[in-house]
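K.L.:
after the sequence you'll find the predicted model.
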Amino acid sequence: MAERLVVKRTARAILLDGVGSSLEMIVIKRTKPGEAPYWITPGGGVEPGDASVVAALHREVDEELGGTVTRVVPAFVDTVSHSLHHAAHGVKVQHFFVCRLESMDLSRRHGPEVEEPCGEYEVVRIPFTRKGIASVDVVPPSLAAYLDANIEGVLALLADDFGVAG
């Protein structure tokens with residue numbers, strides 16, 4: 001297969017809060033006019049001013065949730081076809097990180113999703129269980145499949161003995 005041009009990179013948080021049976025994943029319910037709702041993880045595009053993909057993740061969580069995260073661990077990469085402004089064709093590389101919610105203040109939300117929304121962005125908590133994840137339409141579908149197949153592994157990435165600082 002020929003090499004494909006990466007035209008966009010994103011950083012997304014598999015964002016967990018709580019402990020034990022009350023562990024929840026924080027997602028954003030997206031409702032656009034005339035479309036069925038879907039649920040995405042917090043995050044977005046890596047911008048030229050971001051020092052790294054992880055820095056982009058922190059910036060996006062701050063913008064979308066007024067939040068901060070800790071224990072950021074790479075978990076999953078998804079590559080999909082993507083067109084940029086109807087010109088450059090290539091792929092979008094989505095970096096998914098499992099992390100813990102440290103703080104969230106929705107009154108601090110800012111950025112394009114808040115200032116110029118296209119539809120609604122509702123912050124939702126779902127149980128971090130196979131049943132909880134299956135109860136909503138998580139996109140991309142590859143993330144839903146990854147979580148279904150690896151929920152125990154995702155939790156292991158945040159285990160105290162994994163060696164990730166707070």
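P.N.:
Yes, it's here.
K.L.:
which residues in this structure form helices?
P.N.:
53-65, 112-115, 130-134, 141-157 (DSSP state H).
K.L.:
deepest in the core, which of the ones you listed is it.
P.N.:
Among the helices of the chain, helix 53-65 has the highest mean neighbour count (mean count of other CB atoms under 10 Å), at a mean of 21. In short, each C-beta sits where N, CA and C put it, glycine included.
K.L.:
pLDDT of that helix, averaged?
P.N.:
Averaging pLDDT along helix 53-65 gives 97.
K.L.:
and it, C-alpha only, in CSV?
P.N.:
Output of helix 53-65 as CSV, limited to C-alpha atoms (Å, rounded to 0.1, in the frame of the first residue of the first chain):
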residue,chain,number,x,y,z
VAL,A,53,-0.1,15.7,21.0
VAL,A,54,-0.4,15.5,24.8
ALA,A,55,-0.4,19.3,25.1
ALA,A,56,-3.2,19.4,22.5
LEU,A,57,-5.2,16.9,24.7
HIS,A,58,-4.8,19.1,27.8
ARG,A,59,-5.9,22.2,25.8
GLU,A,60,-8.9,20.4,24.3
VAL,A,61,-10.1,19.1,27.7
ASP,A,62,-9.7,22.6,29.1
GLU,A,63,-11.7,24.1,26.2
GLU,A,64,-14.5,21.4,26.1
LEU,A,65,-14.9,20.6,29.8
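K.L.:
which strands and helices sit next to it?
P.N.:
strand 6-17, strand 43-45, strand 67-84, strand 88-104, helix 112-115 (3 or more CB pairs under 8 Å, 6 or more residues apart in numbering; DSSP states H and E).
K.L.:
worst mean pLDDT across the helices and strands of this structure, which element?
P.N.:
Sorted by mean pLDDT, DSSP states H and E, the helices and strands of the chain end with helix 112-115, the least confident at a mean of 79.
K.L.:
right, I'll leave it there.
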